[in-house]
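Peer 1: this is the structure alone, sequence omitted:
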């Protein structure tokens with residue numbers, strides 16, 4: 001205290017400000033790391049080796065005898081996209097990792113981690129950010145790149161095509177700016193490799209999804225601000241050739257054509273979709289709220305873009321990089337609006353768009369924060385901005401149950417389809433949730449079965465002795481019923497119900513069925529049943545439902561259902577019995 005009294009008042013206030021900034025920056029960085037941890041837990045919990053929706057395309061191609069490594073298949077359109085690089089990852093997963101999706105999910109996590117490292121490095125290299133400013137920017141980047149609101153991109157292997165382009169775009173921008181700095185300050189014969197890396201990353205981005213073609217005008221304009229006419233011409237020629245080749249033989253689908261027609265007839269609808277898209281990160285499916293936030297963000301972005309010439313004259317490379325990222329994200333929103341406007345404004349809230357939306361917000365925040373932290377005369381604005389960021393983190397934590405609910409729903413329907421396929425049950429109602437054409441899904445699954453891929457890569461063990469479990473009659477509650485379907489399932493019965501682990505006070509992780517002491521059948525657990533929860537005291541979780549399949553047999557013996565509780569050995573707790581002859585429910 002004596003030491004502080006000897007310091008002038010203005011210096012004391014400055015010292016306190018820096019101390020508060022440092023504390024808040026550590027909290028923000030910790031929040032970003034916590035976001036990574038939460039998303040990693042979510043990925044592990046939601047893992048399934050079964051293909052899902054668009055992922056089935058590679059399986060169908062293999063069924064039809066396509067040569068997967070042929071340029072014809074690699075370059076073929078998928079909706080509006082040329083997915084050469086993602087297709088190579090899909091082939092690697094199928095050929096080297098038995099199509100179990102784990103390689104793809106791990107690669108997605110690695111891509112986001114590399115993107116985080118690249119952004120953190122660029123803050124230090126181009127922005128010369130240190131201490132509290134760097135920690136604040138890195139924490140926000142970690143939050144934006146790993147926020148659970150983009151859950152589809154983390155639990156679905158096909159979405160590698162949505163996380164790879166932003167990394168490649170950032171890498172392309174970084175390499176151009178690094179070349180500019182090196183060429184100006186330390187010219188040598190190897191600097192051109194950075195220029196080559198920039199162009200290669202842009203080509204790779206163009207060969208991933210449709211928004212990759214947006215890089216070329218951005219790179220050309222940035223090179224015009226920073227480089228000589230020779231380098232500008234190089235980007236212009238490379239971009240023209242790449243874009244021409246991309247659209248050579250391009251066929252617009254019916255959905256994209258309808259959306260484009262609507263966009264041309266109603267430009268206001270296009271603006272509404274784009275602003276909803278950009279504002280969707282901060283409201284939960286509130287269209288008007290998202291539009292208001294999106295409009296403000298667009299105006300702020302335009303104000304910063306108008307300063308591009310100032311940034312280039314002052315050689316503020318980090319600010320130029322942020323403007324390039326902003327332009328890429330806004331352009332992606334515009335292309336998405338053209339292609340998806342026909343699906344309605346609600347579609348702008350789709351979770352896999354959040355990777356691009358949150359990257360946009362990171363760039364916009366950093367443009368604001370760098371100005372605030374650079375202003376040494378403002379003693380409160382930077383601290384206020386940090387407090388608002390922590391409030392944003394808290395709001396995201398409060399909203400976490402919503403994406404978790406969507407993840408759990410997807411996990412249940414995928415596990416239910418997995419149970420049907422492993423039991424060799426052709427249940428169209430379950431299969432069409434993992435791909436709209438249930439018949440094609442069934443044919444693809446038979447291919448996977450014969451090749452021992454995906455869910456069939458491990459030996460299938462259905463029948464085992466009930467004696468391998470410890471048994472108890474007082475550790476679970478539940479009920480079950482035999483579902484009578486409008487179509488007959490050949491060789492199996494479909495059963496659904498609910499189960500609760502009374503011993504541990506939590507939902508059951510596994511359900512099995514037994515006939516005459518022999519365990520058989522497969523069940524998916526985790527269905528959301530709030531009505532059952534409300535009707536039974538002592539149950540504090542709604543994810544208690546299950547559904548699955550039991551083989552039919554000639555004796556039509558009674559089926560006893562057991563909840564399997566963790567332990568060594570696991571404990572089997574009976575909670576319901578079903579008589580296939582009477583189709584009655586006996587619940588405890």
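Peer 2: Great, that's in hand. As the structure is a prediction and not an experimental result, all values here were calculated from the model.
Peer 1: show me where pLDDT drops low in the stretch 451-588 of the chain?
Peer 2: Applying pLDDT under 70 to the predicted model, the residue ranges of the stretch 451-588 of the chain that meet it are 459-469, 483-490, 553-556, 581-588.
Peer 1: now the helices: where do they sit in it?
Peer 2: Assigned by DSSP state H, counting those that start in this stretch, the stretch 451-588 of the chain shows helices spanning 530-535.
Peer 1: how about the strands of it, start to end?
Peer 2: In the stretch 451-588 of the chain, the segments counted as strands under DSSP state E, counting those that start in this stretch are 464-465, 470-471, 476-482, 492-501, 506-507, 510-515, 518-520, 522-528, 543-551, 559-565, 571-579, 584-587.
Peer 1: make JSON lines from the ones you listed and add mean neighbour count and distance to residue 54 to it.
Peer 2: In this view, the C-beta of every residue, glycine as well, is placed from N, C-alpha and C. Formatted as JSON lines, the entries for the strands of the stretch 451-588 of the chain read as follows, by neighbours: other Cβ atoms under 10 Å; distance: least, Cβ to Cβ, whole Å:
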{"stretch": "strand 464-465", "mean neighbour count": "12", "distance to residue 54": "36"}
{"stretch": "strand 470-471", "mean neighbour count": "13", "distance to residue 54": "44"}
{"stretch": "strand 476-482", "mean neighbour count": "22", "distance to residue 54": "34"}
{"stretch": "strand 492-501", "mean neighbour count": "24", "distance to residue 54": "27"}
{"stretch": "strand 506-507", "mean neighbour count": "18", "distance to residue 54": "30"}
{"stretch": "strand 510-515", "mean neighbour count": "22", "distance to residue 54": "30"}
{"stretch": "strand 518-520", "mean neighbour count": "18", "distance to residue 54": "34"}
{"stretch": "strand 522-528", "mean neighbour count": "21", "distance to residue 54": "22"}
{"stretch": "strand 543-551", "mean neighbour count": "24", "distance to residue 54": "25"}
{"stretch": "strand 559-565", "mean neighbour count": "24", "distance to residue 54": "34"}
{"stretch": "strand 571-579", "mean neighbour count": "21", "distance to residue 54": "37"}
{"stretch": "strand 584-587", "mean neighbour count": "13", "distance to residue 54": "39"}
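Peer 1: let's have these in CSV, adding distance to residue 161.
Peer 2: Formatted as CSV, the entries for these read as follows, by distance: least, Cβ to Cβ, whole Å:
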stretch, distance to residue 161
strand 464-465, 40
strand 470-471, 47
strand 476-482, 41
strand 492-501, 35
strand 506-507, 34
strand 510-515, 34
strand 518-520, 40
strand 522-528, 28
strand 543-551, 30
strand 559-565, 38
strand 571-579, 43
strand 584-587, 46
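Peer 1: out of those, flag the one nearest residue 281.
Peer 2: Shortest separation from residue 281 across these is recorded for strand 522-528, at 24.9 Å, computed as Cβ to Cβ.
Peer 1: so which elements touch that closest one?
Peer 2: Applying 3 or more Cβ pairs under 8 Å, 6 or more residues apart in numbering; DSSP states H and E, one finds that strand 522-528 makes contact with helix 401-422, strand 492-501, strand 510-515, strand 543-551.
Peer 1: so where does residue 298 fall, helix or strand?
Peer 2: Using DSSP states H and E, residue 298 sits within helix 287-305.
Peer 1: closest one to residue 211 among the strands of the stretch 451-588 of the chain?
Peer 2: The stretch from those with the least distance to residue 211 (Cβ to Cβ) is strand 522-528; that distance is 34.5 Å.
Peer 1: what angle separates the closest one from helix 401-422?
Peer 2: 160 degrees (axes from the mean of the first three to the mean of the last three Cα atoms, to 10 degrees).
Peer 1: contacts for strand 522-528?
Peer 2: Outside of strand 522-528, the residues within contact range by Cβ atoms under 8 Å, 6 or more residues apart in numbering are 405, 408-409, 411-413, 415-416, 418-419, 422-423, 462, 495-496, 498-499, 507-513, 542-549.
Peer 1: then stretch 230-246?
Peer 2: By Cβ under 8 Å, 6+ apart, stretch 230-246 touches 82, 195, 199, 202-203, 206, 213, 215-217, 219-220, 223-224.
Peer 1: helix/strand/coil for the closest residue to residue 206 other than its chain neighbours?
Peer 2: If you skip the residues right next to it in sequence, residue 206 has residue 212 as its closest partner in space, 3.7 Å away by Cβ to Cβ, 6 or more residues apart in numbering. Secondary structure assignment for residue 212 (DSSP: H, G, I helix; E, B strand; the rest coil): helix.
Peer 1: gap between residue 212 and residue 172?
Peer 2: Summarising the geometry, the distance separating residue 212 from residue 172, computed by Cβ to Cβ, to the nearest Å, is 10 Å.
Peer 1: how far away is the residue nearest to residue 206 from residue 203?
Peer 2: From residue 212 over to residue 203 the distance is 8 Å, taken as Cβ to Cβ.
Peer 1: so these two - more neighbours on which side?
Peer 2: When residue 212 is set against residue 203 and neighbours are counted by other Cβ atoms under 10 Å, the residue ahead is residue 212, at 28 against 22.
Peer 1: what number of residues lie near the nearest residue to residue 73 once chain neighbours are set aside?
Peer 2: What sits nearest to residue 73 in space, not counting adjacent residues and going by Cβ to Cβ, 6+ apart, is residue 66, at 5.1 Å. By the criterion of other Cβ under 10 Å, residue 66 has 15 neighbours.
Peer 1: do you know how far residue 66 is from residue 252?
Peer 2: Taking Cβ to Cβ, one finds residue 66 at 23 Å from residue 252.
Peer 1: now do stretch 529-537: distance to the chain's middle.
Peer 2: Centroid displacement of stretch 529-537 relative to its chain, using Cα atoms, centre = their mean, to the nearest Å, is 31 Å.
Peer 1: which positions within that stretch qualify as buried?
Peer 2: Along stretch 529-537, these residues count as buried under the neighbour rule (16 or more other Cβ atoms under 10 Å): 529, 532-533.
Peer 1: indicate which one of the strands of the stretch 451-588 of the chain is closest to residue 393.
Peer 2: For the strands of the stretch 451-588 of the chain, distance to residue 393 was read as Cβ to Cβ. The smallest value, 25.6 Å, belongs to strand 543-551.
Peer 1: now do that closest one against strand 522-528, angle only.
Peer 2: 160 degrees.
Peer 1: report all helices and strands that strand 543-551 contacts.
Peer 2: Strand 543-551 sits against helix 401-422, strand 492-501, strand 510-515, strand 522-528, helix 530-535, with contacts defined as 3+ Cβ pairs under 8 Å, 6+ apart.
Peer 1: let's see it at 6 Å
Peer 2: Strand 543-551 makes packing contacts with helix 401-422, strand 492-501, strand 522-528 when contacts are defined by 3 or more Cβ pairs under 6 Å, 6 or more residues apart in numbering; DSSP states H and E.
Peer 1: what residues of the longest one count as buried?
Peer 2: So that's helix 401-422. By neighbour count, with 16+ other Cβ under 10 Å as the criterion, the buried positions of helix 401-422 are 403-404, 406-408, 410-422.
Peer 1: so which residues make contact with stretch 36-43?
Peer 2: Residues outside stretch 36-43 that contact it (Cβ atoms under 6 Å, 6 or more residues apart in numbering) are 105, 142, 146, 148, 154, 407.
Peer 1: where do the domain boundaries of this structure fall?
Peer 2: Following the assignment in automatic domain parsing, the chain carries domains at 20-48+101-399, 461-587.
Peer 1: single out the most deeply packed of the ones you listed.
Peer 2: Ranked by average neighbour count under the criterion mean count of other Cβ atoms under 10 Å, these are headed by domain 20-48+101-399 at a mean of 19.
Peer 1: for that domain, what is the distance to the chain centroid?
Peer 2: Here domain 20-48+101-399 is found 15 Å from its chain centre; the criterion is Cα atoms, centre = their mean.
Peer 1: what of stretch 419-432?
Peer 2: Distance of stretch 419-432 from the chain centroid (Cα atoms, centre = their mean) equals 26 Å.
Peer 1: quick check: mean pLDDT of that stretch?
Peer 2: The pLDDT scores in stretch 419-432 average 88.
Peer 1: now swap in stretch 223-243 and tell me
Peer 2: The average pLDDT for stretch 223-243 rounds to 90.
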